[in-house]
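[1] what follows is a protein structure lacking sequence information:
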């Protein structure tokens with residue numbers, strides 16, 4: 001029986017953008033998972049709960065860092081006023 005969904009197969013690159021609001025565990029995983037699949041991902045976090053000292057971080061078409069590794073190497077990061 002064949003499955004219709006194969007998460008191990010990464011589709012072609014996409015020009016779509018994804019905004020992930022908040023940096024809880026599930027949202028950090030979502031941001032990490034979208035990058036290798038070709039999406040430009042922006043992770044936004046309120047100033048009271050900075051993640052790694054950044055209020056906004058953009059991950060641009062990154063490779064999968066693997067479990068347990070940080071998000072810092074996924075793309076460019078910048079501070080921005082909120």
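    Everything's here; your move. Quick caveat, the model's predicted, so the values are computed rather than measured.

[2] contacts for stretch 18-27, please.
    Contacting residues not belonging to stretch 18-27 are listed as 30, 31, 34, 39, 40, 41, 42, 43, 44, 45, 49, 51 [CB atoms under 8 Å, 6 or more residues apart in numbering]. All C-beta spots, glycine's among them, are computed from the backbone N, C-alpha and C.

[3] show me where pLDDT drops low in this protein?
    Along the chain, the model assigns pLDDT under 70 to residues 1-3, 6-12, 47-82.

[4] and the gap between residue 23 and residue 44?
    8 Å (CB to CB, to the nearest Å).

[5] looking at the contacts of stretch 18-27, which are in strands?
    If you go by DSSP state E, these have 40, 41, 42, 43, 44 in strands.

[6] so the fourth one sits right up against residue 31, yeah?
    Yes. Using CB atoms under 8 Å as the test, residue 43 is close enough to residue 31 to be in contact (4.7 Å).

[7] in stretch 28-40, what counts as buried?
    Using 16 or more other CB atoms under 10 Å as the test for burial, stretch 28-40 gives 28, 31, 32, 34, 35, 37, 39, 40.
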